[in-house]
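Engineer: no sequence on hand, only this structure:
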Ligand code: FE
């Protein structure tokens, strides 16, 4: 008996007329210019920007002793650690390669990468916004799907990929 299973015929039902097109891309890009600098030792690689419900997916890369400033989430975040490890100053666990992390709405935290990790890469699916806050919890800034797109446009213009390079990730 063969251990090969015959695949079914491909589905020929047409896609709905209003369906958006799929995105397939090498998540960790060969071209380092695709990483958008966000802060000292912090970069993001855009994968998906949803301008209808205000959600986005990206890879976050933080190098040794880099950190992502204190922020609050008004909506859920899901993360999957691809490489390295990181932690929040506000929690006592460490997220390592292979870990899944759920950040509930209301969560305030500061992401740090310690000296013993050269580089961490984590996939994040973020809804709403990242609201940067001071020690008292007062808002000092924010990021949302539109500011992220804008950051990409500015960076891709600067590095020669062109402002429209980001369009492939927008649905
Ligand atoms: Fe967060």
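Structural biologist: Received it, and whenever you're ready, just let me know what you need. Just so it is clear, the structure is predicted and the values come from calculations on it, not from any experiment.
Engineer: now residue 44. Nearest residue, chain neighbours left out?
Structural biologist: residue 58 (4.6 Å; C-beta to C-beta, 6 or more residues apart in numbering). The way it works is simple: take the backbone N, C-alpha and C, and place the C-beta from them, glycine included.
Engineer: what pairs with the helix or strand that contains the one you found, parallel or antiparallel?
Structural biologist: Element membership of residue 58, judged by DSSP states H and E, is strand 55-63. Within its sheet, strand 55-63 is paired with strand 42-50 (antiparallel), strand 119-127 (antiparallel), according to DSSP bridges.
Engineer: how about TSV for those strands, with mean pLDDT, mean neighbour count and distance to residue 96 added?
Structural biologist: Formatted as TSV, the strands paired with strand 55-63 follow (pLDDT from 0 to 100; neighbours: other C-beta atoms under 10 Å; distance: least, C-beta to C-beta, whole Å):
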stretch	mean pLDDT	mean neighbour count	distance to residue 96
strand 42-50	98	20	19
strand 119-127	98	19	9
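Engineer: of all these, which one is nearest residue 64?
Structural biologist: Closest to residue 64 of the strands paired with strand 55-63 is strand 119-127 (C-beta to C-beta; 7.1 Å).
Engineer: what's that closest one in contact with?
Structural biologist: With C-beta atoms under 8 Å, 6 or more residues apart in numbering as the test, strand 119-127 has contacts from 27-28, 47, 53-64, 73, 75-86, 95, 101, 113.
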